[in-house]
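Peer 1: the sequence and its predicted three-dimensional model are supplied below.
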Amino acid sequence: MESESGLTPGGPFRVILRMEVFPEMTADFEKVWLSIGESIAHEPANRGQVLVRSTEEEGVYFVFTDWSDEQEFRDFELSHRHTLNRQRLKPFRRSGTMDVTQVVHRIDRVPATS
């Protein structure tokens, strides 16, 4: 439920990945990630994902992916499909971390009034 101020309480289960990619492999990594992301977008519990590249650290990417709830994400995380995805990304990654979070509040942009 969104309030008049644009503040939405609660929200999806969000997974935040930090991936360090070999700098010489970033273009290929992005292509493979896009292919994987497009397949994950067909998962019924997936609510969307974003790949961002650091402007301060070479070869560092962040993935933000939203899920309907934690259990649905955990089921996907343990699936054979996800194992195959991780295997496809492994050659590009130097290291990485994963944080699982719950969106507490979201404030959307409020259009200017005339």
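Peer 2: Nice, I can see it. This one's a predicted model, so the numbers in the text were calculated from it and none came from an experiment.
Peer 1: list the buried residues in stretch 78-86.
Peer 2: The neighbour-count check on stretch 78-86 (16 or more other Cβ atoms under 10 Å) flags 82, 85 as buried. Using the backbone N, CA and C atoms, a C-beta is placed for each residue, glycine as well.
Peer 1: likewise for stretch 37-53?
Peer 2: Those would be 37, 40, 43, 45-47, 49, 51, for stretch 37-53 by 16+ other Cβ under 10 Å.
Peer 1: any low-confidence regions in the chain?
Peer 2: 1-10 (pLDDT under 70).
Peer 1: pretty sure residue 66 sits against residue 43.
Peer 2: No - taking contacts as Cβ atoms under 8 Å, residue 66 lies outside contact range of residue 43: 11.2 Å.
Peer 1: and the furthest pair within the buried residues of stretch 37-53?
Peer 2: 45 and 51 (19.1 Å; Cβ to Cβ).
Peer 1: residues near the closest residue to residue 103 other than its chain neighbours, how many?
Peer 2: Leaving aside its sequence neighbours, residue 103 sits nearest to residue 11 (Cβ to Cβ, 6 or more residues apart in numbering; 3.0 Å). Residue 11 has 14 neighbours, counted by other Cβ atoms under 10 Å.
Peer 1: residue 11 and residue 67: what is the separation?
Peer 2: Taking Cβ to Cβ, to the nearest Å as the measure, residue 11 falls 11 Å from residue 67.
Peer 1: isn't there a strand covering the residue nearest to residue 103?
Peer 2: No - counting by DSSP: H, G, I helix; E, B strand; the rest coil, residue 11 is not part of a strand but coil.
Peer 1: can you pull the contacts of the nearest residue to residue 43 once chain neighbours are set aside?
Peer 2: With sequence-adjacent residues excluded and distances taken as Cβ to Cβ, 6+ apart, residue 43 is closest to residue 76, at 5.9 Å. Contacts for residue 76 (Cβ atoms under 8 Å, 6 or more residues apart in numbering) come out as 40, 43, 45-46, 67, 82.
Peer 1: nearest to residue 57, of those residues?
Peer 2: Nearest member of the contacts of residue 76 to residue 57, counting by Cβ to Cβ, is residue 40, at 24.7 Å.
Peer 1: brilliant, that's me finished.
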